[in-house]
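> Build me a model from this:
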Amino acid sequence: MHPSVERVATALRAGGAPGEVRELEESTRTAAEAAAALGVPVGAIVKSLVFAADGEPVLVLASGDHQVDTNAVARLLAVSHVGRADADLVRDATGFAIGGVAPVGHPRPLRTVVDRHLATFDVVWAAAGTPRAVFPTTYDELVRLTGGSPADIAAA
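Alright, predicted model coming up:
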């Protein structure tokens, strides 16, 4: 098992989750690829997106079928600007490269926002540290594991 995947599995178990991680032959780098590989709707894929909120990293866990409204996130966080983080900020904040960013297993806690739309699925799938690894969870467990704040963050 890749060290990043093991870090995610360990974080899941430490949080009281089963720690079940699947490493797939197909890429899960994008929500569409992950959905196709798993045979699930794109909306059931958790996109772990890192943004810079007034320069500080924030993790947004969005449904695979949503684009994030950064203005809504800025209002929610009471900051003046939210923009996409560069690859260096993503790796520094999460310990993962873009394409495999997991919602757990970071070097330090991250302020996290969780898309409420994910609650419409019984099971959601999130990246597990590499572009070919994923884990199943529920919306409630995802919020609990990440300490995230549920919000409506989809762009209109």
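> ranges for the strands of this structure?
All strands of the chain, identified by DSSP state E, fall at 22-23, 45-53, 56-63, 82-84, 111-115, 124-127, 133-137, 149-151.
> List of residues touching the first one?
Contacts to strand 22-23, defined as C-beta atoms under 8 Å, 6 or more residues apart in numbering, come from residues 1, 2, 5, 128, 130, 132, 133, 134, 135, 136. (C-beta placed from N, C-alpha, C; glycine too.)
> Partner strands of that strand, with direction?
Strand 22-23 pairs in its sheet with strand 133-137 (antiparallel), by DSSP bridges.
> low-confidence ranges in this protein?
Along the chain, segments meeting pLDDT under 70 are nowhere present.
> Can you show me the helices along it?
With DSSP state H as the criterion, the chain has helices at 3-14, 31-38, 70-77, 87-94, 139-146.
> mind checking which of these is nearest residue 119?
When those are compared by C-beta to C-beta, helix 139-146 sits nearest residue 119, at 4.1 Å.
> tell me the centre residue of this protein?
With distances taken as C-alpha atoms, centre = their mean, residue 48 lies nearest the centre of the chain, 2.5 Å away.
> That one pairs with what?
residue 61.
> same check, this time on residue 114
Beta-bridge pairing for residue 114 (DSSP bridges): residue 61, residue 150.
> so what's residue 13 up against?
Counting by C-beta under 8 Å, 6+ apart, residue 13 touches residue 19.
> what about it, distance to residue 121?
Per C-beta to C-beta, to the nearest Å, residue 13 is found 23 Å from residue 121.
> and stretch 78-95, which residues are buried?
Residues of stretch 78-95 classed as buried: 79, 82, 85, 89, 90, 93, 94, 95 (neighbour count, 16 or more other C-beta atoms under 10 Å).
> how much space is there between the fourth one and residue 83?
When you say that, I think you mean residue 89. For residue 89, the distance to residue 83 - C-beta to C-beta - is 10 Å.
> how many neighbours does the closest residue to residue 76 other than its chain neighbours have?
Nearest residue to residue 76 in three dimensions, chain neighbours excluded: residue 151, at 5.3 Å (C-beta to C-beta, 6 or more residues apart in numbering). If you count neighbours by other C-beta atoms under 10 Å, residue 151 ends up with 18.
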